[in-house]
Each structure stands twice: as C-alpha cells, then as structure tokens.
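Visitor: Compute the structure for the input listed below.
(chains A and B)
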Amino acid sequence: MNVFDIIFTTDFGYMIFRVTTPILFTALGAMISRRAGIMNISLEGLMLVGALFGVIGSTYSQSVIVGVLTAVVASLLLSLIFAYFVLKLKSDLILTGIALNLAASGGTVFLLSILCGDKGVSTSMNSLVVPNIEIPLIKDIPVLGEIISGHNVLTYVSLLCVVIVYLLINKSPMGLRIRSVGENPDAAESVGISVIKTRFIALIFTGILGGLGGAYMSMGYVSWFARDMAAGRGYMALAAQNLGNGTPIGTFLSSFIFGIADALSSTLQVLSLPAEFIQMIPYVTTIVGLILYAMNRKHKANKLRARL
Amino acid sequence: MSDQYILEMRGITKVYPNGFIANKDVNLAVREGEIHALVGENGAGKSTLMKVLFGVESHEEGEILLHGKPVNITDPISAIDMGIGMVHQHFMLVPSLTVAENIVLGREPKKYGTLIDMAKAVRDTQEICEKYNLKVDPTARVRDLPVGMKQKVEILKALYRNAQVLILDEPTAVLTPQETAELFVELKNMRDSGHTIIFISHKLNEVKELCDRVTVLRLGRTVGTADLDGLTEQEISRMMGGRDVILEIQKDAAEPKDTVLSVKDLSLNSSDGRPILRNINFNVRAGEILGVAGVEGNGQRELSEIITGLHAFTRGEIEIGGESIKGKSVKQIRRMGVSHISEDRMTYGIAARAGVEENVISDRYDMPEYCKSGFLRFKEIHKLTERLIQEFRIKCDDVNQPVRMLSGGNMQKVVAAREFSLEPKLSIVNQPTRGIDVGATEFVRNKIVELRDQGTAVLLISADLNEILELSDSLIVMHGGEIVAYLPDSQKVTEEELGEYMLGIRKQEPEEIRGVLHEC
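Guide: Numbers count the residues shown, from 1 in each chain, chains lettered A, B, ... in the order given. Below is the predicted model of the structure:
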C-alpha cells in the first residue's frame, strides 16, 4: 500500500475532522487567552483534567450531558486557579502553567488509581461516550457526505465554537475589551476597564474550551481515560493559535493543518516505517509551522524596512 | 466666591513613598469655560497635580471641589464619571483597533443585546467629530494615523465620555507647528462651546497665544494665578523663576584632528515601513564635540543606537577610524574604542541590581588586566573601582552597593565612570544630564569637555537646548529623520534660530549641510 492510497480516501478525510476536534477546541481557548495578553501553557493540564472528569462524571451519573458538564466545570476550576495565581498573586505565567500541567498529569493518575485501581487506563469504569450523528441530506452526498457527516456531536460543537468565538472576539463588547487589554492594558485601564477582571473572564472562556477538548478526548475520540492522553495537544493548540495569528479563522485553519499531521501519524503506521518516526509528524509539524510563521513575519518586516 | 469656579484644588499636598514632596499646599482654581494654563519648569509638580486630579495618584492633604462641592476622586473611572477627561502625554490608545473602536471602548453601543453596534459607534464618532470640527476618519486603524491625529482621537475619547473639564498634558510636545496651530483652533472651539480646558505646558508663547489665565508652579508650590491679558512672557517667566540653572562651562576652542566617525548615506525604516533616518551624512573629528539638536523622536535615538551597534542597519555605511562597523557586534564596536552613554539609563546604562563595581567592569571584565585564565582578578577590580569612585565623585556606601540605591546623578556618574575611563576614540553621549541634579550635571559636562581635550571625538545628542549650545563646538539639527542644518559655530547660534530648524520651519541648502563633512 503506498502513501497516496491511504491519503486519498474518504476515511482519511473523516479522520482529519476526528483528530482536529480536540486541537481546535483548545486552540480557540489558547487564542482567547493570548488576545487578553496571556501566553497560556496550562491548556495541556486543562485537557487532561477535562478528560478524566468527563469519564468520572458520565460513569457516576450515567448521563452523557452530565459527563461533559463535569469535564467543563473541572477544567474551568483549574483555569480559575491559574487565573488566581497569575492575576491576583502575580506569579510567573510560564512557571504556574508548568506547575499546573505537572499537577494535572500526576493528579489525574492518582485519582484514577483511587477510583479504579489502575494507573494506566480507566477501561474498568463504565463511562459513556458522546454519540455520533448523521446530518440529514449532507450524508447522502457522495464523498463529502462520508467525510463530514457521522461525526461526534462535539466535533460539530467545535465548529460551532469557531463561529461563537469569532463573534465574541470580533463583534462583542467583551471581545473588544479583551483585545484592548491584551494590546495596551494602560489604554484599557484609562477608560475604566479592569484589566484583571477582563483577563479573568478570558481565562473562564479558555477553561470551558479546554474542558470541551478534554471531554472529547475521553468521550469521543476514545471511550476511556488514559494517563497523559492529551499527549502534547495543549501545546500544539498554542502553536496553532500562534500560526493563526490569534484570529479565530486563522486558528481554525491552522488547527486543521495540525489535524492533518495528526491524522497522517495515525494512518501511516501501517507503512513499514518505524512507528516512532511516524508519531513524530505532528510535533515536527509544530516546529516547522512555527519556523515558517516566524520566517514569514520577518520577511514582511524586512520588506517594509527596505522600502524607500 | 467659589461658585464661579467649576473646579478648585485647595491645599493639595502629595508626598511620594520615597519621601519626595511633589506638591506642597498647591492651589488651583479654574473658571468654567476658560482655557487655564498650568506652567512651570520640569519637576515643578504639574503632572503630579493633574494625576491627583484625575485620580491616578492619591493626595495626603487638601480637597478638590467640583462645581463648589467637595468630591472624592479615587481612580480615573470616578474622574471620568464626574466629567473630567485627560489627554495623556503618552497616548492611551490600542493601535490595532479603529478610531471608532478606541473611542467607544468601555462604553460600546450594543445591538441584539450582545454585539457591538459598530454602525452606531461610527455614527457617534462622526457626530462628535463634526460638532467640534475635529477631522478624523472613524474607520481608520489608529496605528496608521500620524501623531496629531492620534491626539485628536484622545480628545474625542474624552468628549465621548462627556468630559466638561479636559486636561491636556503637554499636548504640543509631539506636534509639528501646523498640527499645533490646528489643535489651538480646535481647543478654542471647545472652549466656546462651554468646555473648560487645563493646558499644561512650559512653552510660554503657546500659553500666551491660547490661554485665558495661568497658574504658575515652582518646586511643587503655587506661585500664583493671573490673567494672561496684559501679562508678558517675561513676567510669566519671572514667576516660574530660576529658569534651568544656566551652567557656564569653561572650555577652550576645539582643536579638531582627523575624522574618527564617518556616517555615509545612512537610511533606516521602522518595521512598519515608515522612514526614520533619511540619507544621513556627517563626520566627527578627534577633539571636537558635534552636537545633534532636534525635537525628540526625529531619529536621534536610532542614530546613536546604530553607531553603537544596538540597532542593525542595511543602507549606508558607518566607519570608525576608517573601519566599517557593518555587521559588528556591540562588543566588537566597543573594542574599536567606542563608548556610549545611552538616553535610556535604566536599560542600557546600568544593571540596577548589580553593584557599583559590577557595573563598572561590565565592559572590561574579560580584559587581561581584570581576568586571568578565566578567573576575575578582584584585587585589580577593587583598585579600579575605588579609583573611579574617587575620580568621578560617586557617592556610595561601598563598591558592592546596588546601583539602584543611588540617586539619579550618582547612577549617571557610574555610567560616565565606565564609559569615559577607557580612553575612547569616540563617545556617543545621549541626553547625558537628563533628570539628574545640578551638581552632577556640571560634573558630567565638564568630564565631556575633558574627554574632548584628550582627543576623543564626541557626538552629543541632547534635547536640552542650553546643554547643546553650551557644550558642543559645532552642531547639526535633525528633523523628520534628516539633517536640516549644520551650524559650524555653536557660540554664534541663537535659541530662536535653532528652534526654527528643530521645528522644520527652516532648512538649509544641501551645500551648507555638507559642511559637516569637513571636505576641503
């Protein structure tokens, strides 16, 4: 089987949407933080916590909705802790992010082993998954229907979130305030906008989106929680929003690039290349993407400088 | 009596946490519908007083009355709510947003209950623009606007918030003469439509032209308030008292020798494509001080940063002692015999938390005298530091005292001690006496002359006219990134003449400017 036989299939197209979903949720969250002036590396932790609490919530309530809500609330609380440390206690952004990520990584395993005696996966818990839905009419279109219909509800929610975040950032008063706080906090303060309050609100949105990303990981992408299952997606999301220049549409498009890379790394494992090499693809893409972004920006700046 | 005043500040005293008394029992009474000037030298307490009024700083004693009633202004928001608006010297705008977005920020008109009604924001902006005859395009991005326009946006911001009393903190400092004239027309318009304006300035001709009454501050105290009718500039100047102490520097005529620094066809654009330096050509010779005069922000900073290697350049050529500095690092350039007093003392001048000694050796710690097989020779370093502390009369407790604990003047002496003690071939001296006391100022200036007499080529950049005329042998004037004049003898230049060049009203012919190349 050669590479093209694998890529040019509807299965591969379907897969792209499937693997893009968690990155997209989280990247939108990262984007809102960034626009408020916060480089938020805690998304990895938010996702993990969201993923575990999705499993816990749905296991004990036997309700999908309660499961997703539990995931969102857990992630939101973690985000508020982050906000409290960074905004109120003025601790360092990056160090706080690392601390929360490590705590989330260890804490979820700890909780997992208490709940089901297993330090690896939660398969012994009877958790639920968010259902897939077929979209009427579209599902009957050849090729396209197979690619974009029949996805997890959360996949469609993530696409809807692009629109919502777009309206929030670009069209709403809160978005204008978030942007002004991120770009020139003094200007915002001078017209009576509280910088800390606005950033708190931005981190609430980030928490919700990170929780949704986490819930999708354990209640859609797979049907269990596994230790460190975010696998760097929180950082990829950060790279994706950067590549997307902090705009909702840009973030959406670059999330798809990362999704494609992720899909490739899953699908190409059937080839006779070493698995470790293939698994590298998303991470190499992240680095290449950031390099291209930086080069492009520098090139533009140089062109302007050279103009007479 | 007091009801004729819209705003009164009575007996305001403001003491900063470090014990500095910025305002002592200051009184200010402003009538409704007047343009009231607040004048005084740098450090007279004008800005502090306005920060108290706008709620940025709290005051220890005194009261503020608005429409005759005492008010408690705790923060800028409460000031805005009471109808006080402020146009800061440093604009409080968000560059990537449009004019309309900046204006409605924090008070956005809404539609469907949740989204911003952008059409209404633009309409509202246009409405105030027309009402006060301020011409700004509401849909333009603020980052694309020239400075004068940005200032209009700031004024509109205050008017949108229904400011009745508008404070302008040195609004003309950044404007061209044309923009200033335009601003004055607009301000008079606003006064005629019932607004009260407090105009902070130390340019007396502007005050005389624009304002109705004036309050003079000196050293944190009120000197008095007077009608401007029938008051001459000289009289105001006398009230301001003790103009910047005019320091006479003793120096002999320069004896210039060979060219040390030569700058050829240097041009530079900012990262967004605006020209900062245009075709700069000049030479500085050993044993002379070439002054660079100009309103700040006309390329002086970039020029000094390029020559010292802090800023890269691509177009043009710079040679020091005949050797190009293109592509060389700051250290390589320094080792060519260049020293640099940066205008940004806290960033490039000193390491605030490091001790005097560490600051002094930061440019020579790896020279064989002070470093042997990878270890510092502290005995030599102590000796050097002690010698420099003596020679530069640095007041400090010991050689390891963190520099941030020193006064501004002593900090600058630490910088000078380092920069002047390696017998530089070329010294780039940018705002050497800004914000430091008279004693230190005199000391640093004398040191610069001493350096010249030892045969160093000195490029002196200063916004202080007094300093530039007193200290430099010849001078060039920069405006809009260009050299607009070369004045071979600083002694023969009047402040008026210099002022006209600095503001770009006058410009010399290219042949005259070429004089600075000393070709014959």
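
Visitor: Would you map the helices across the stretch 101-250 of chain A?
Guide: Remark: helices assigned in the stretch 101-250 of chain A by DSSP state H, counting those that start in this stretch are A:144-148, A:153-166, A:173-183, A:185-190, A:195-216, A:233-243, A:248-267.

Visitor: Tell me which of those sits nearest to B:K379.
Guide: Minimum separation from B:K379 across the helices of the stretch 101-250 of chain A (C-beta to C-beta) falls at helix A:185-190, 48.4 Å. For glycine as for every other residue, the C-beta is placed from the backbone atoms N, C-alpha and C.

Visitor: near chain B at all, that closest one?
Guide: Yes: against chain B, helix A:185-190 shows contacts by C-beta under 8 Å from any C-beta of the partner chain at A:186-190.

Visitor: Which among those residues count as buried?
Guide: Buried subset of the residues of helix A:185-190 next to chain B (neighbour count, 16 or more other C-beta atoms under 10 Å in any protein chain shown): A:187-190.

Visitor: if we can go back for a sec, now the residues of helix A:185-190 next to chain B as JSON lines including pLDDT?
Guide: Formatted as JSON lines, the residues of helix A:185-190 next to chain B follow (pLDDT from 0 to 100):
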{"residue": "A:D186", "pLDDT": "89"}
{"residue": "A:A187", "pLDDT": "89"}
{"residue": "A:A188", "pLDDT": "90"}
{"residue": "A:E189", "pLDDT": "86"}
{"residue": "A:S190", "pLDDT": "84"}
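
Visitor: pretty sure B:L217 is in a helix, no?
Guide: No: using DSSP: H, G, I helix; E, B strand; the rest coil, the secondary structure at B:L217 is strand, not a helix.

Visitor: since we're on residue 149, how many residues are nearby?
Guide: Just going to use chain A. Neighbourhood size, A:S149 [other C-beta atoms under 10 Å in any protein chain shown]: 19.

Visitor: Actually, chain B is the one I wanted.
Guide: Neighbours of B:M149 under the rule other C-beta under 10 Å: 18.

Visitor: could I get the helix or strand hosting it in CSV with only the CA atoms?
Guide: Secondary-structure assignment from DSSP states H and E places B:M149 in helix B:147-160. This file holds the C-alpha atoms of helix B:147-160, laid out as CSV (Å, rounded to 0.1, in the frame of the first residue of the first chain):
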residue,chain,number,x,y,z
VAL,B,147,0.7,61.6,15.9
GLY,B,148,-1.5,64.7,15.5
MET,B,149,-4.5,62.5,14.6
LYS,B,150,-3.9,60.2,17.5
GLN,B,151,-4.1,63.1,19.8
LYS,B,152,-7.4,64.1,18.2
VAL,B,153,-8.6,60.6,18.9
GLU,B,154,-7.6,61.0,22.6
ILE,B,155,-9.6,64.3,22.7
LEU,B,156,-12.6,62.6,21.1
LYS,B,157,-12.4,59.8,23.6
ALA,B,158,-12.7,62.3,26.4
LEU,B,159,-15.6,64.2,24.7
TYR,B,160,-17.4,60.9,24.0
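
Visitor: So for it, what gets flagged as buried?
Guide: Within helix B:147-160, the residues scored as buried using 16+ other C-beta under 10 Å are B:148-160.

Visitor: ok, and what's touching that helix?
Guide: Residues from elsewhere that reach helix B:147-160, judged by C-beta atoms under 8 Å, 6 or more residues apart in numbering or on different chains: A:191, B:85-88, B:91-93, B:99, B:102-105, B:107, B:124-125, B:128-129, B:132, B:134-136, B:140, B:142, B:145, B:166, B:168, B:171, B:174-176, B:179, B:182-183, B:186, B:190.

Visitor: Weed out the non-buried ones from those residues.
Guide: With burial judged by 16+ other C-beta under 10 Å, the buried subset of those is A:191, B:85-88, B:91-93, B:99, B:102-105, B:107, B:124-125, B:128-129, B:132, B:134, B:136, B:142, B:145, B:166, B:168, B:171, B:174-176, B:179, B:182-183, B:186, B:190.

Visitor: A:S58 sits in which helix or strand?
Guide: Using DSSP H and E, A:S58 sits within helix A:43-61.

Visitor: Quick one: list the elements packing against that helix.
Guide: The contact analysis (3 or more C-beta pairs under 8 Å, 6 or more residues apart in numbering or on different chains; DSSP states H and E) places helix A:43-61 against helix A:10-35, helix A:64-83, helix A:93-116, helix A:195-216, helix A:233-243.

Visitor: What angle do helix A:93-116 and the last one make with each other?
Guide: Looking back up the chat, that one is helix A:233-243. If you take axes from the mean of the first three to the mean of the last three C-alpha atoms, to 10 degrees, helix A:233-243 sits at 150 degrees to helix A:93-116.

Visitor: same deal with the longest one?
Guide: Counting by the same axes, to 10 degrees, helix A:10-35 points 130 degrees away from the direction of helix A:93-116.

Visitor: do the same with the fourth one
Guide: Between helix A:195-216 and helix A:93-116, the angle comes out at 40 degrees (the same axes, to 10 degrees).

Visitor: touching chain B at all, helix A:195-216?
Guide: No: Helix A:195-216 lies out of reach of chain B by C-beta under 8 Å from any C-beta, never closer than 10.3 Å.

Visitor: And that helix, what's buried?
Guide: Neighbour-count burial for helix A:195-216 flags A:195, A:198-203, A:205-216 (criterion: 16+ other C-beta under 10 Å).

Visitor: and what of the second one?
Guide: When neighbours are counted by 16+ other C-beta under 10 Å, the buried residues of helix A:64-83 are found to be A:64, A:67-76, A:78-79, A:81-83.

Visitor: Check the offset of it from the chain's centre.
Guide: 14 Å (C-alpha atoms, centre = their mean, to the nearest Å).

Visitor: Packing partners of that helix?
Guide: helix A:43-61, helix A:93-116, helix A:195-216.
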